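Asks: could you work out the structure for the sequence below:
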Amino acid sequence: SSIFCRPYATYATPADVQGQLQLTEAFGSGTTPSNTTVEDFIRGAEDKIIHVTGRSYRVEFIESELIDFKQFGMKMRNQDIQDIYELAVWNGSDWDIKTEGRNQDWHFDPYTGMIYVATIFFDAMPPTFRRSYSSRQGQGAFKRAVRVRYSYGKDIRRDPFATEINRIATKQACIDLVTDQDFNNLIPAGLDRV
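Replies: The predicted structure is shown next:
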């Protein structure tokens, strides 16, 4: 019901890097480094923050994540789920797409990050699995039998740590810019000692 612009560099802007380095000229297509290059440094800083913290402050899309089937609830690898687009179960030859809703096959609890399945979900499973849910849990053909497509990430526009994330990304991009061999001749005198 809405459109969200997903910029290439989300956590900071080239103007933030310019301000941090106290450069008088703004980055553009004709400058060295160019605006695009500075955005690449910011994007690299974002990726590093995501890797170190395990949290994303930009929208990420997971096209296909396979998770283990668990009758009492399943959890995706990434949290801060924004939307689940599809949940499918492997039937042995193809994926059966299940219907979302509390009175349907499954529903998602955003507070716990868990996907819960309904009894009708179990009824669709083969009889050998239905015979004893607990004795076959996580075994055989039902290991990683569920495929989920979803998006996740915190909203940097509303998150209380957005200012700190912006500062970290800006400073990391500045470090990368200053230590890059192609651009270190642009360093103002004395910055290398700071």
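Asks: quick one, helices of this protein?
Replies: 14-21, 35-53, 119-123, 127-130, 162-179 (DSSP state H).
Asks: below-threshold pLDDT in the chain: ranges please.
Replies: Low-confidence segments of the chain, defined by pLDDT under 70: 1-2, 4, 119-144, 181, 183-194.
Asks: nearest the middle, which residue of it would you pick?
Replies: Taking C-alpha atoms, centre = their mean, the centroid of the chain lies closest to Glu60, which sits 3.6 Å from it.
Asks: Gly153 is in contact with that residue, correct?
Replies: Yes: assessed by C-beta atoms under 8 Å, Glu60 is found in contact with Gly153 at 5.1 Å. Where C-beta positions appear, they are placed from N, C-alpha and C, glycine not excepted.
Asks: neighbours around the residue nearest to Glu46 when sequence neighbours are not counted, how many?
Replies: Nearest non-adjacent residue to Glu46, counting by C-beta to C-beta, 6 or more residues apart in numbering: Tyr11, 5.0 Å away. If you count neighbours by other C-beta atoms under 10 Å, Tyr11 ends up with 24.
Asks: buried residues in stretch 103-118?
Replies: Asp105, Trp106, His107, Phe108, Gly113, Met114, Ile115, Val117, Ala118 (16 or more other C-beta atoms under 10 Å).
Asks: residues contacting the residue nearest to Glu46?
Replies: Contacts for Tyr11 were tallied using C-beta atoms under 8 Å, 6 or more residues apart in numbering; they are Ile42, Ala45, Glu46, Ile49, Tyr57, Arg58, Ile156, Ile165, Asn166, Ile168, Ala169, Thr170.
Asks: one more pass at 6 Å, please.
Replies: Glu46, Ile165, Asn166, Ala169 (C-beta atoms under 6 Å, 6 or more residues apart in numbering).
Asks: mind checking the longest strand of the protein?
Replies: Criterion DSSP state E: the longest strand present in the chain is strand 81-90.
Asks: which other helices and strands does it contact?
Replies: strand 95-97, strand 146-152 (3 or more C-beta pairs under 6 Å, 6 or more residues apart in numbering; DSSP states H and E).
Asks: buried set for that strand?
Replies: Neighbour count says strand 81-90 has Ile81, Ile84, Leu87, Ala88, Val89, Trp90 buried, by 16+ other C-beta under 10 Å.
Asks: distance of Ile175 from Thr32?
Replies: 18 Å (C-beta to C-beta, to the nearest Å).
Asks: whoops, Asp80 was the one
Replies: Counting by C-beta to C-beta - Asp80 and Thr32 are separated by 38 Å.
Asks: neighbour count: the two, which is higher?
Replies: Under the neighbour definition other C-beta under 10 Å, Asp80 and Thr32 were set side by side, and Asp80 has more, 17 against 10.
Asks: contacting residues around that one?
Replies: Tyr152, Gly153, Lys154.
Asks: I'm done for today, thanks for sticking with me.
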